[in-house]
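Enquirer: Everything below, folded, please.
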Amino acid sequence: MSAPRTSYAHLLTKPNPKHVASLLKFFENGRSQRGTGGFGVEIEHLPVHNADDTAVSYYEPNGIETLLRRIAPYYDKDREYWENGHLVGLGREGIAVSLEPGGQVECSLGILRQPSDLHALYRAFRRDVDPVLDDLGFRLVNYGYQPKSSYADVKVNPKDRYDAMTAYLGRVGQFGPCMMRCSASTQVSIDFVDERDAIDKMRLGTVIGPILAWYFRNTPYFEGRENPWPLLRQRMWDFLDFQRTNVIPGLFDPRFGWEDYAVDVLSTPLMFADLTHTPEAEGLSGKELHHPAFYENAADVYPDRELNPYEINHVISTHFNDVRLKNFIELRHWDSLPILRAERLTEIIGSLFYDPKNRDRLESYFDGIREEDVFEAKWNLQAHGRDATPYGQPLEFWHAFLGLEGLLADEPGDPKHPDVFQA
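Expert: Below is the predicted model of the structure:
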């Protein structure tokens, strides 16, 4: 007599239909409110001491907290963000300043109507922050990774969520603590007009993102040494935690839609829970409001009701796919860039995604592309660098096909190159 089969059905928690419905409504509202043609740009900066280029911490005298307090008068009082008695974010019209786990200073700009708007807004940010930085003895640099410090030398800033995130990412994959504490990125967000438009743009961004990442790579250093990988940012994320990174599962299936994306993010363990805006959690302590959720997905953590916008954003933010859907589309492939290169990147994104002629040309070329083809292209770039042939074509082809005229053809990595490395 054979042994009885063990059932694991009791261990599975399916997405709550009310949660799925709330995400679909969230995406739909993004379409109706945002229209088309806008941009959002986020540039993360690495704080380093002027004396030795080592990382500046949040807590040290004249560190990140001091910087935020000194520039706070330039921002709206009602848009200050505090946690555990510490200032961690600022905002005003068109500009938001926030912190990543290792004290990276993120400047979020938008909504921009033209790529050229980026320069004016960023200049306003630097006009306020640079005199304070000079006085404090450190600067904000645009690299993809800290130039001198190791992740082990960088303290996490005082957000409870980052303690919970460390508890998870420190135990999975290869690069969790490195990504959290020492990496910095440039992200460009674009609009969508309906579900089909959103999915088509997500596919296109996923396909061409690795190629654009090559031309906008900006990471000469890793853990205090020369960076050994052609695309370190891609390498870190692809080896981080596959269930929440890389290509969105099923994205290239012709039947894929918003509901499939909602089910995917709601089915995956949250990594950590955020109950700070969950009314039913009133009275819990800080650590209870932000606690590890290594096995629990949204249905295990949140009540049996529609999720509110904060809860939705948290669920989505625990996924780090190459392209992420919120109530806008977030393209996440790129290292932190100096402003002139960030503006050029935004111009290229606008040309490829908002110009109907270019968009039709790209979608026609990539018709029938598969998830596996994207994986192959990414690893082709990692394996062969400047000799890579992603999607079967040399980089010279993509330089012309994607309209990358004016971008440098030489290898980034020389700190003396003023266009590639601009503090």
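Enquirer: Helices of the stretch 151-300 of the chain, residue ranges please.
Expert: With DSSP state H, counting those that start in this stretch applied, the stretch 151-300 of the chain shows helices at 160-169, 176-182, 195-215, 232-238, 258-267, 286-289, 298-301, listed in chain order.
Enquirer: okay, now Gly209: neighbour count?
Expert: By the other C-beta atoms under 10 Å criterion, the neighbourhood of Gly209 contains 20 residues. (C-beta placed from N, C-alpha, C; glycine too.)
Enquirer: quick check, Gly30 in a helix?
Expert: Yes: the assignment for Gly30 is a helix, going by DSSP: H, G, I helix; E, B strand; the rest coil.
Enquirer: tell me the SS of the closest residue to it other than its chain neighbours?
Expert: The spatially closest residue to Gly30, leaving aside those adjacent along the chain, is Asn327, at 2.7 Å (C-beta to C-beta, 6 or more residues apart in numbering). Of the three states, Asn327 takes coil according to three-state DSSP.
Enquirer: Please report the distance of Asn327 from His333.
Expert: Noted for Asn327: a distance of 20 Å to His333, by C-beta to C-beta, to the nearest Å.
Enquirer: More neighbours: which of the two?
Expert: Just comparing Asn327 and His333: by other C-beta under 10 Å the higher neighbour count belongs to His333, 27 against 20.
Enquirer: Quick check: the more buried one touching Arg233?
Expert: Yes: using C-beta atoms under 8 Å, His333 and Arg233 qualify as a contacting pair, with a distance of 7.3 Å.
Enquirer: Mind listing the shared neighbours of the two?
Expert: Common contacts of His333 and Arg233, defined by C-beta atoms under 8 Å, 6 or more residues apart in numbering, comprise Ala213.
Enquirer: wait, what's in contact with the residue lying closest to Ala213 once chain neighbours are set aside?
Expert: By the measure of C-beta to C-beta, 6+ apart, the closest residue to Ala213 outside its immediate chain neighbours is His333, 4.4 Å from it. Taking C-beta under 8 Å, 6+ apart as the definition of contact, the neighbours of His333 are Gly209, Pro210, Leu212, Ala213, Arg233, Gln234, Asp322.
Enquirer: So for His333, what's the pLDDT?
Expert: Here the pLDDT value assigned to His333 is 96.
Enquirer: do the same with Gln422
Expert: pLDDT, Gln422: 37.
Enquirer: Then Leu395?
Expert: As summarised for this prediction, Leu395 has a pLDDT of 97.
Enquirer: Spatially central residue for the protein, please.
Expert: Nearest to the centroid of the C-alpha atoms of the chain, with distances taken as C-alpha atoms, centre = their mean, sits Arg332, at 4.7 Å.
Enquirer: Please confirm that that one is located within a strand.
Expert: Yes: membership of Arg332 in a strand is supported by three-state DSSP.
Enquirer: Confirm for me that it is in contact with His319.
Expert: No: with the criterion set as C-beta under 8 Å, Arg332 and His319 do not qualify as a contacting pair; they are 10.4 Å apart.
Enquirer: In the helix or strand encompassing Val132, which residues are buried?
Expert: When secondary structure is defined using DSSP states H and E, the element that contains Val132 is helix 117-136. Neighbour-count burial for helix 117-136, with 16 or more other C-beta atoms under 10 Å as criterion, is recorded at Asp117, Leu118, His119, Leu121, Tyr122, Phe125, Asp128, Val129, Val132, Leu133, Leu136.
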